[in-house]
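Visitor: the sequence and its predicted three-dimensional model are supplied below.
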Protein chains: 2
Amino acid sequence: ERFREQKSIHEIIQSIASKKGLDPLSHEFARYLDDNDELKHLREEFSLPKVSECIAEGVVPITSEEEVVYLSGNSLGLLPKRTRKLINEELDVWATSAVRAHFNHKLGRNWATIEDQVISKLTGIVGAKPIEIAVMNTLTSNIHLLLASFYTPTQSRFKILIEESSFPSDRYALESQIKFHGYLVEAALIEIKPRPGDITPEIEDVLNIIEKEGDSIALVFMEAVNYHTGQLFDIPKITKAAQKKGCIVAWNLAHAIGNVELKLHDWNVDLAVWCSYKYLNAGPGGIAGIFVHEKHAHEFDRPRIVISAFQPMPGAKGFQVSNPSALDMVALYGSLEVFSLTNMSDLCQKSYLLTGYLEFLLDENLHGVGYRIITPRNPHEHGAQLSLMFDELKVEKIADDLLIRGIICDERKQSVLRVAPAPLYNCFSDVYKFVNALKAILSET
Amino acid sequence: ERFREQKSIHEIIQSIASKKGLDPLSHEFARYLDDNDELKHLREEFSLPKVSECIAEGVVPITSEEEVVYLSGNSLGLLPKRTRKLINEELDVWATSAVRAHFNHKLGRNWATIEDQVISKLTGIVGAKPIEIAVMNTLTSNIHLLLASFYTPTQSRFKILIEESSFPSDRYALESQIKFHGYLVEAALIEIKPRPGDITPEIEDVLNIIEKEGDSIALVFMEAVNYHTGQLFDIPKITKAAQKKGCIVAWNLAHAIGNVELKLHDWNVDLAVWCSYKYLNAGPGGIAGIFVHEKHAHEFDRPRIVISAFQPMPGAKGFQVSNPSALDMVALYGSLEVFSLTNMSDLCQKSYLLTGYLEFLLDENLHGVGYRIITPRNPHEHGAQLSLMFDELKVEKIADDLLIRGIICDERKQSVLRVAPAPLYNCFSDVYKFVNALKAILSET
Ligand SMILES: Cc1ncc(COP(=O)(O)O)c(C=O)c1O
Ligand SMILES: Cc1ncc(COP(=O)(O)O)c(C=O)c1O
């Protein structure tokens, strides 16, 4: 099945090219894809760093164009131009209205309720009802605030299921939750592992471990898209299987939100958390968010480390604390306005082609250079990101060599290069330039 | 003793006036005080809202000057002009360097470590060593993150001592902590109350309750400056008394930071939390902070709901989670740069005179109008804020009437008007205008 899917993106690319009589490996073809990209105007919404400013003096960009090839949107999304405007408006309002802007904001964004405007733009991105979303704090603190209520281990059900290659701070968060409740990490933290020789686990193995251990699992906590491998998991299938066993299922959407289509409500997901500085482009350390399924909206009897009022609000807001940062709120809002110019379905359609084109070019151009794509090939098992693993530990050097060619992607020690063309602002030529630069670098060494 | 202190600020004001042959109740005298204010240049550092923009069309400012009289710095501090510059620089860096700014920030504020620059400016404001401070999240979430480690109730020691008139969300936070640990709020939450007929408690009564109940108190959690009454507590005395009984002592500095002199390290305070949007002028929902005394810096065996790395960092940073917001960080930094133009000792010296002048003018101008100052008169028992309580519940109307005269202060239902001249940007004429407007309003009704 994997092979069929893999063949299919290759076939699609090749058939588009041959229909136009273009060489699918040519720069011309990349330009053709850009010209025919129905979302190409969205790139104009962002500030693209210039090679000269972003990298250093004396670098050798591969083209005469000045903009960097930015393939690190999975790490920090680019600045939406309207965010600059919104932030400055907010500074003006602070300057001219001060405390009165909480309830008399001259631009209609009362600080006391601005969150609701942000939430209404997030519903389509995560597939949720407004009552299921709160925008607050940072990712890791939200994990703790939610788990205080939803990880309530008992002697017979106390385990947390994670993926072996979870993001380190997630693992620490879960370990500390386990210890906090007086359980042993060795006994309580169970890990989904890939098969011998593999890098990513098979979905069947995830389902098997749930089937086998589910009765003692209190919480399944997985990254919807793994930060390292780019693997996208089958959220509805895993959620359903785990819930059948009585587990609470929480998804970390750090690398999924704004990247893949999500239907959290329909999929009956219990909980989700996310940060907003990756595909959501809300800026460094931008304000994070949570999802709590409507079915939990009125569970006021759960333990709550947080009570923000005498009677907690129903829904996700019942877990909210503190005045949110108005600057961070509008920074997120600016990006969500850009998302509103399209929709997740169209965006993912472009992403399928854009990342498929990346896969195609890599496969066609790089032979026998001692690397492999560790991200699953099936397009239902990844979003924008492909992770390349190199046999020899030379990825740092490769990243440096890409950098002096004006290309920014993300190296993970020791051997993985993460490449994420973000469909909101990346173009097919970005992908073309990246693959050809990588080819040149690898052939030099 | 109170009377002596009260007399003394009156005497000081009167003696300054008589030395210059000025009527202490005249506007001329206010202007004289402004002219001789050694910190008057700091007002230029802030954006002062204009009456026309801030309030509404058709209001009647009491003077021909355009700026509002802003006495709500205890609620939201004004925008420091340099913050606008810093934020825009940060947006530029995001636009031009994107993810590279984490470690290659062209203005020397690497996002990965910007916090340390902020911390080094906070040390003088709270009287702490760098290792004792972390800048993170929001106030209430920080309360929960810290109490997860430091409120560890046992059957014999499980109580939390608070003030009866605590800020509502603080009370809810503490109640939820108590419930979370399985204790009854009625049994575990004990309250410091004022004597019959009084509004603010006496320090002796605080010490008495600690002496009597201290052995069963796990945590003393008090606002250093009460949000409602403006009462400043004797932090070192209460801390010492409670610690002698074996309690952990935590101070909420929401209304104290940037307002009164603090020596948290020397006073041997265990914990402190604060928000930064009041006297610290970091903007709506600005990034908050914590203090953990150096003596706790290496207590890695405490329960930690938070572990941010395999081995937590020593000190306050060991309780930190998540990437902080870069925009919020520089917003705070901008204001701290202004604080660096003076020091807390000089600032509090001005504040003593400024709020003393407010007290003097109120006492001299308002007779028999059915109000009283509920803030303790002793200048060691308050900071910038005085709270006025009106006999009849007409404070909403008074606040509205002040507003149409271009004066912003903060009304707390049902009967309290909070007036806080912030010494960084308020001037003596602000105070003069406020008192005379209030006098006019009260004589009309
Ligand atoms: C004493 C006190 N505690 C708590 C808070 C709540 O702060 P936040 O909403 O930022 O958590 C405030 C805010 O005004 C406060 O003054
Ligand atoms: C999967 C995952 N979890 C957790 C985090 C940590 O987020 P934060 O530092 O904002 O809490 C990240 C950040 O990259 C992440 O990708």
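Guide: That came through fine. Ligands and ions are numbered 1, 2, ... in the order given.
Visitor: how about the strands in chain A?
Guide: A:69-70, A:133-135, A:159-163, A:189-192, A:217-223, A:248-252, A:271-274, A:289-292, A:371-373, A:386-390, A:407-408, A:410-412, A:416-419 (DSSP state E).
Visitor: want to throw those into CSV with distance to residue A:259?
Guide: Just so you know, the C-beta spots here come from the backbone N, C-alpha and C atoms, and that holds for glycine as well. Output for those, formatted as CSV (distance: least, C-beta to C-beta, whole Å):
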stretch, distance to residue A:259
strand A:69-70, 15
strand A:133-135, 17
strand A:159-163, 17
strand A:189-192, 21
strand A:217-223, 12
strand A:248-252, 13
strand A:271-274, 10
strand A:289-292, 15
strand A:371-373, 17
strand A:386-390, 13
strand A:407-408, 18
strand A:410-412, 14
strand A:416-419, 13
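Visitor: would you reformat those as JSON lines and include mean neighbour count?
Guide: As requested, those are arranged in JSON lines below (neighbours: other C-beta atoms under 10 Å in any protein chain shown):
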{"stretch": "strand A:69-70", "mean neighbour count": "26"}
{"stretch": "strand A:133-135", "mean neighbour count": "26"}
{"stretch": "strand A:159-163", "mean neighbour count": "23"}
{"stretch": "strand A:189-192", "mean neighbour count": "18"}
{"stretch": "strand A:217-223", "mean neighbour count": "25"}
{"stretch": "strand A:248-252", "mean neighbour count": "26"}
{"stretch": "strand A:271-274", "mean neighbour count": "28"}
{"stretch": "strand A:289-292", "mean neighbour count": "28"}
{"stretch": "strand A:371-373", "mean neighbour count": "19"}
{"stretch": "strand A:386-390", "mean neighbour count": "22"}
{"stretch": "strand A:407-408", "mean neighbour count": "24"}
{"stretch": "strand A:410-412", "mean neighbour count": "18"}
{"stretch": "strand A:416-419", "mean neighbour count": "22"}
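Visitor: comparing those strands by mean pLDDT, which bottoms out?
Guide: For these, mean pLDDT drops lowest on strand A:410-412, to a mean of 89.
Visitor: same for it, what does it pack against?
Guide: Applying 3 or more C-beta pairs under 8 Å, 6 or more residues apart in numbering or on different chains; DSSP states H and E, one finds that strand A:410-412 contacts helix A:395-404, strand A:416-419.
Visitor: rerun at 6 Å
Guide: Counting contacts by 3 or more C-beta pairs under 6 Å, 6 or more residues apart in numbering or on different chains; DSSP states H and E, strand A:410-412 packs against helix A:395-404.
Visitor: which neighbouring elements make contact with the helix it packs on?
Guide: strand A:410-412.
Visitor: any idea how far the strand it packs on is from the middle of the chain?
Guide: 15 Å (C-alpha atoms, centre = their mean, to the nearest Å).
Visitor: which strands border that strand, and is each parallel or antiparallel?
Guide: Next to strand A:410-412 in the sheet, as set by DSSP bridges, lie strand A:416-419 (antiparallel).
Visitor: contacts for the strand it pairs with?
Guide: Residues outside strand A:416-419 that contact it (C-beta atoms under 6 Å, 6 or more residues apart in numbering or on different chains) are A:71, A:385, A:386, A:387, A:388, A:389, A:395, A:409, A:410, A:411.
Visitor: between the strands of chain A, which one is closest to residue B:366.
Guide: The closest of those to residue B:366 is strand A:133-135. By C-beta to C-beta, the value is 44.7 Å.
Visitor: what about the closest one and ligand 1, touching?
Guide: No - no part of strand A:133-135 sits near ligand 1 under the criterion C-beta under 6 Å from any ligand atom; the closest distance found is 13.8 Å.
Visitor: mind listing the helices for the stretch 101-250 of chain A?
Guide: A:114-126, A:139-150, A:168-180, A:185-188, A:203-213, A:235-244 (DSSP state H, counting those that start in this stretch).
Visitor: format these as JSON lines; extra columns: mean neighbour count and mean pLDDT.
Guide: JSON lines is the format used below for the helices of the stretch 101-250 of chain A (neighbours: other C-beta atoms under 10 Å in any protein chain shown; pLDDT from 0 to 100):
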{"stretch": "helix A:114-126", "mean neighbour count": "19", "mean pLDDT": "97"}
{"stretch": "helix A:139-150", "mean neighbour count": "25", "mean pLDDT": "90"}
{"stretch": "helix A:168-180", "mean neighbour count": "21", "mean pLDDT": "89"}
{"stretch": "helix A:185-188", "mean neighbour count": "14", "mean pLDDT": "96"}
{"stretch": "helix A:203-213", "mean neighbour count": "16", "mean pLDDT": "98"}
{"stretch": "helix A:235-244", "mean neighbour count": "19", "mean pLDDT": "98"}
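Visitor: out of the ones you listed, nearest to ligand 2?
Guide: In terms of C-beta to the nearest ligand atom, the element of the helices of the stretch 101-250 of chain A nearest to ligand 2 is helix A:139-150, at 3.4 Å.
Visitor: which parts of the stretch 151-300 of chain A sit against ligand 2?
Guide: The stretch 151-300 of chain A comes close to ligand 2 at residues A:167, A:169, A:170, A:223, A:227, A:252, A:254, A:255, A:275, as judged by C-beta under 6 Å from any ligand atom.
Visitor: what number of residues are in the vicinity of the fifth one?
Guide: It stands for residue A:227. 23 (other C-beta atoms under 10 Å in any protein chain shown).
Visitor: cool, and the first one?
Guide: Neighbour count of residue A:167, defined by other C-beta under 10 Å: 19.
Visitor: widest-spaced pair of the residues of the stretch 151-300 of chain A next to ligand 2?
Guide: Farthest pair in those, by C-beta to C-beta: A:169 and A:255, 13.5 Å.
Visitor: now do the residue nearest to residue A:273 when sequence neighbours are not counted against residue B:139, distance only.
Guide: Nearest residue to residue A:273 in three dimensions, chain neighbours excluded: residue A:142, at 4.9 Å (C-beta to C-beta, 6 or more residues apart in numbering or on different chains). Computed as C-beta to C-beta, to the nearest Å, the residue A:142 to residue B:139 distance reads 16 Å.
Visitor: check residue A:265 too.
Guide: According to C-beta to C-beta, residue A:265 and residue B:139 sit 32 Å apart.
Visitor: pretty sure residue A:265 contacts residue A:128?
Guide: Yes - counting by C-beta atoms under 6 Å, residue A:265 touches residue A:128, with 5.1 Å between them.
Visitor: tell me which of those two has more neighbours.
Guide: Each of residue A:265 and residue A:128 has its neighbours counted (other C-beta under 10 Å); residue A:128 has more, 25 against 18.
Visitor: quick revisit: distance to residue B:367 added to the helices of the stretch 101-250 of chain A, as TSV?
Guide: Output for the helices of the stretch 101-250 of chain A, formatted as TSV (distance: least, C-beta to C-beta, whole Å):
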stretch	distance to residue B:367
helix A:114-126	44
helix A:139-150	52
helix A:168-180	59
helix A:185-188	69
helix A:203-213	77
helix A:235-244	70
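Visitor: low-confidence ranges, chain A, go.
Guide: A:1-7, A:56-65, A:304-312, A:393, A:445 (pLDDT under 70).
Visitor: top helix in it by residue count?
Guide: helix A:344-365 (DSSP state H).
Visitor: run through the residues that contact the residue of the stretch 101-250 of chain A found nearest chain B.
Guide: For the stretch 101-250 of chain A and chain B, the shortest gap (C-beta to the nearest C-beta) falls at residue A:138, measuring 3.3 Å. Each residue near residue A:138 by C-beta under 6 Å, 6+ apart is listed here: A:288, B:322.
Visitor: what of the one 5 residues further on?
Guide: When contacts are counted by C-beta under 6 Å, 6+ apart, residue A:143 touches A:173, A:273.
Visitor: swap in residue A:277?
Guide: So residue A:277 contacts A:76, A:284, A:286 (C-beta under 6 Å, 6+ apart).
Visitor: now it: closest residue in space that isn't a chain neighbour?
Guide: Counting by C-beta to C-beta, 6+ apart, residue A:277 lies nearest to residue A:286, which is 4.5 Å off, once chain neighbours are set aside.
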